[in-house]
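Student: got a sequence here, can you build the structure:
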Amino acid sequence: MILAILISSIIAQDMQVKYVVAYTVDVDWGGEIETVSEITAAPGYGKFHGQLNPKRWIFRLFGGQRGFIKVPGTENILGYNVKRKRYWVTPTGEDPLFADMNWGDESDEETEEKEHTEEVSVTIKAEEEDSNTQKGGKESWFIKIANDIFEDDDASPRIERTLNESIEEINGFRTKKWTTTIYTKNNQMIIEEWVVDELPLRDSLYAFISSTSEENNEFINFIDSIKFSSRDFILGVDSSYTIKKSDEIIVMAKLGIDSNNGWVQSALFEIRELYASSFDPLTFTIPEDFERIEIETDEKD
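Tutor: Below you'll find the predicted structure:
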């Protein structure tokens, strides 16, 4: 705790923190689909940059990069679209990432992007609902995967968890590893998780994000939701299974599935980067060759 406070105090002076997480899912209908989220923040400044990378060439048309920047000293948020080299001031109540999408009379290219955006939104919504599964009673995406895999089994799945306390370096983090196996005679899931006890730099990043607006606490919750853990899948097969509460933070998680059921073959979550550097105001600017567009809003009575 003292270390975290000390680090936060040091980097708060003319520094910024960058946090990069990646999420890859291998699905039957589309192969591997990777999403990369980059969050950069400094006192009063915040930036999100997202990238979608379908691995199969036939789906690469739907790939792209979008983001938004919190304008310091104001409530304005600038959204931008890298593919079309344009940016906008996000109207109140609009999604800064997709405010430029014309959901009425769009071009063919925008129609394709809209369809894909809806698919991504469904996935994100499922991830956000996961953290509220117990409160809202809704079935999470992870629980559904587990249920699909073991739905035809007569016997209840067995669950085994082991901890390897040997230190393993993953993406610069010194981690311990949990391995969870959920299996029956015909189907099996293996979840590997590399964990650390604390991430002081991420705590500082969150403090910077909160400093730009109180509403950004929801954004922090969203960042935390972009991951999966063995707890998610265990809940899907045995809601009564007890796991000792832990504050360990997952820096990498791998899901492997050996089953003919379900549509997910594997998944990977990882924190790829987390570091502090000298404050650079250019990080929080829109490229000069981007065109500014105006977002039309429907006037309400």
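
Student: which parts of the protein are helices?
Tutor: Counting by DSSP state H, the chain has helices at residues 2-11, 108-130, 133-136, 141-150, 200-212, 216-225, 230-237.

Student: chain center to the fifth one, what's the gap?
Tutor: Relative to its chain's centre, helix 200-212 lies at 16 Å (Cα atoms, centre = their mean, to the nearest Å).

Student: same check on the fourth one?
Tutor: A distance of 20 Å separates the C-alpha centroid of helix 141-150 from that of its chain, computed with Cα atoms, centre = their mean.

Student: that one: which residues count as buried?
Tutor: 141, 142, 143, 145, 146, 148, 149, 150 (16 or more other Cβ atoms under 10 Å). Where C-beta positions appear, they are placed from N, C-alpha and C, glycine not excepted.

Student: where in the stretch 51-200 of the chain is pLDDT low?
Tutor: 57-63, 102-140 (pLDDT under 70).

Student: just checking, residue 276 touches residue 14?
Tutor: No - using Cβ atoms under 8 Å as the test, residue 276 is too far from residue 14 to be in contact (10.5 Å).

Student: which residue of the two possesses the greater neighbour count?
Tutor: residue 276 (18 against 9; other Cβ atoms under 10 Å).

Student: model confidence over stretch 282-289, on average?
Tutor: Per-residue pLDDT over stretch 282-289 has a mean of 95.

Student: could you do stretch 19-36 as well?
Tutor: 89.

Student: also stretch 250-269?
Tutor: For stretch 250-269, the per-residue pLDDT averages 91.

Student: before we move on, what about stretch 223-241?
Tutor: Mean per-residue pLDDT for stretch 223-241: 82.

Student: quick one: terminal-to-terminal distance for that stretch?
Tutor: Taking Cα to Cα, to the nearest Å, the first and last residues of stretch 223-241 lie 27 Å apart.

Student: how about the strands of this structure, start to end?
Tutor: Taking DSSP state E, the strands of the chain run over residues 15-27, 31-42, 45-54, 64-70, 77-81, 86-89, 158-170, 173-183, 188-196, 249-258, 264-278, 291-292.
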